[in-house]
Every structure is written in C-alpha cells, then in structure tokens.
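K.L.:
Mind looking at a prediction? Sequence and model below.
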Amino acid sequence: MEYVYPDYYRQFTCIGGECPDTCCAGWEIVIDDKTLEKYKKYPGGFGNRLRNSINFKRKSFKQYDRRCAFLNEENLCDIYTEAGKKLFCKTCRQYPRHEEEYENVRELSLSLSCPEAARMILSQDRLNLIYDEKKGHSEDYGDFDELLFSQLLDGRDAFWKLIENENVPMAVRMIQMLSMGHHLQRNINAGQLFGLENIYDHYLSEGAADRMCAYL
C-alpha cells in the first residue's frame with residue numbers, strides 16, 4: 001500500500017480555542033456507526049447528555065443556533081474535555097484530514113476549510129509530496145480503471161510543471177491549465193485515453209506559453 005501526502009501533513013495540530021473560526025458550527029456532523037454504538041452505551045450523566053444531543057435518525061449531532069450541541073462558549077468541545085479524542089467520532093477525529101482511496105494507493109491531504117490547515121498550506125513555497133510504501137494486503141477493486149488512473153496521474157504531474165514555471169506570468173499559467181484541463185476532459189469523455197501524453201507534451205513544449213499569449 002502506498003501513502004502519498006504533502007510533507008507538512010503530519011505537522012498539523014488543531015489549535016482549539018485559538019482558532020479564528022470553528023469546525024463545529026455551520027454544518028451537520030455525521031457520526032459513524034461504530035462510534036454511535038459507543039455513545040449509546042456510554043455511562044453516567046455525560047452518557048445521558050450524549051444520547052440527548054444526537055439525532056439518531058440522521059446519525060448526527062444536534063445543533064443549536066447552527067452550533068454543535070457540544071461546542072461550548074470558548075469554542076472548545078465538551079466531548080474532548082470529558083473524555084479526550086478517544087470519544088470522538090470518525091469525522092471529528094479526522095477533520096481536516098482528508099483521504100482519497102484508490103486501488104493500493106491512499107492520498108492524504110488537509111482541507112482548506114480549516115484556518116490552521118489553510119495557513120500551513122498557503123505558507124509553503126511549493127508542494128513536496130512524500131511517497132510512503134507500507135507492507136499490507138493487496139487490493140482488488142474489480143472495476144478499477146488502471147489506465148485512466150495512470151493517465152490522470154501523468155496529467156497531474158503536467159499541471160504541476162505548468163504552475164511551477166515561474167518564467168511564465170501567473171495569468172498565462174492559469175489559462176494554460178484551464179485549456180489543458182478542457183482538452184483532457186474532452187478526450188476522456190470520448191473514451192480516448194491513449195495518446196493523452198501528446199496533450200501534455202503540447203502544453204509543456206517550448207514556446208507553448210508564447211502561443212497561448214497570442215490568443216490573449
């Protein structure tokens with residue numbers, strides 16, 4: 001199994017009450033089934049509060065004024081105060097970490113919707129990815145399109161090369177990326193997966209930026 005993530009990914013730590021915003025308001029926080037069963041059996045007065053603060057039909061925390069029932073006035077979580085992160089549901093335990101699953105590949109990232117994650121992401125000079133291969137079972141998704149996946153990876157590499165070319169004005173690089181994205185999507189929609197490398201070569205070739213400027 002290969003894990004791919006930016007080099008700053010494991011440095012993220014929630015700053016809690018110091019955050020200028022909160023991830024516990026404005027959206028419905030869904031509770032995974034395993035944690036929901038744990039909440040149903042949690043003892044004592046806090047267990048009663050847990051059960052009274054959950055919409056079991058929707059499998060989510062109730063909200064008051066669009067704030068999670070456990071978000072206190074200091075913008076801290078009463079679940080964490082009571083029992084620590086071991087009592088968090090999967091959503092609260094992982095956010096703003098995000099995981100995309102592919103056959104034998106996991107791509108990990110941080111969400112820009114978190115202010116602290118956004119600060120970390122936007123303070124980077126460039127994106128450096130870590131490729132961490134770990135021993136584990138092999139996956140077989142059955143209908144996984146290996147050809148499309150490999151072509152999309154090559155396409156993403158081409159996008160990185162375009163955006164990192166500081167010899168070209170940013171506005172032109174953005175137009176190049178939009179144009180190449182449109183070109184790629186048109187071919188993918190038509191089922192033309194072979195020869196996409198010709199599209200990459202066209203946009204990365206010498207003088208491609210100058211030809212694009214000619215259309216401006």
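P.N.:
Nice, thanks for sending it over.

K.L.:
Going along the chain, name the helices of the protein.
P.N.:
33-41, 44-52, 78-83, 90-94, 115-122, 146-164, 170-189, 196-204, 208-213 (DSSP state H).

K.L.:
Of those helices, which is nearest Arg58?
P.N.:
Evaluated with Cβ to Cβ, these place helix 33-41 nearest to Arg58, the distance being 11.0 Å. Every C-beta, even on glycine, is put in place using the N, C-alpha and C of the backbone.

K.L.:
Okay, buried residues for that closest one please.
P.N.:
Thr35, Leu36, Lys38, Tyr39 (16 or more other Cβ atoms under 10 Å).

K.L.:
With Val105 as the reference, measure out to the last one.
P.N.:
According to Cβ to Cβ, to the nearest Å, Tyr39 stands 33 Å off from Val105.

K.L.:
out of the helices of the chain, which comes closest to Glu101?
P.N.:
Set against Glu101 and scored by Cβ to Cβ, the helices of the chain come closest in helix 146-164, at 11.8 Å.

K.L.:
Let me see the backbone angles for Ala190.
P.N.:
Per-residue torsions, Ala190: phi -90, psi 0 (degrees, to the nearest 10).

K.L.:
what ranges of this structure fall below the confidence cut-off?
P.N.:
212-216 (pLDDT under 70).

K.L.:
Kindly provide the distance from Gln151 to Tyr200.
P.N.:
Gln151 sits 9 Å away from Tyr200 when distances are taken as Cβ to Cβ.

K.L.:
again with Leu184
P.N.:
9 Å.

K.L.:
Overlap of the contact sets of these two?
P.N.:
Residues touching both Leu184 and Tyr200 (Cβ atoms under 8 Å, 6 or more residues apart in numbering) are Gly155.

K.L.:
got the contact list for Ala155?
P.N.:
Actually, residue 155 is Gly. It isn't Ala. Counted by Cβ under 8 Å, 6+ apart, Gly155 has contacts Met180, Leu184, Leu196, Tyr200.

K.L.:
Just give me the closest of those to Asp210.
P.N.:
Met180 (15.7 Å).

K.L.:
How many residues are close by the closest residue to Lys135 other than its chain neighbours?
P.N.:
Leaving aside its sequence neighbours, Lys135 sits nearest to Met1 (Cβ to Cβ, 6 or more residues apart in numbering; 7.8 Å). Applying other Cβ atoms under 10 Å, we find 14 residues neighbouring Met1.

K.L.:
what do you get for the one 3 residues further on?
P.N.:
The local packing of Val4 (other Cβ under 10 Å) involves 18 other residues.
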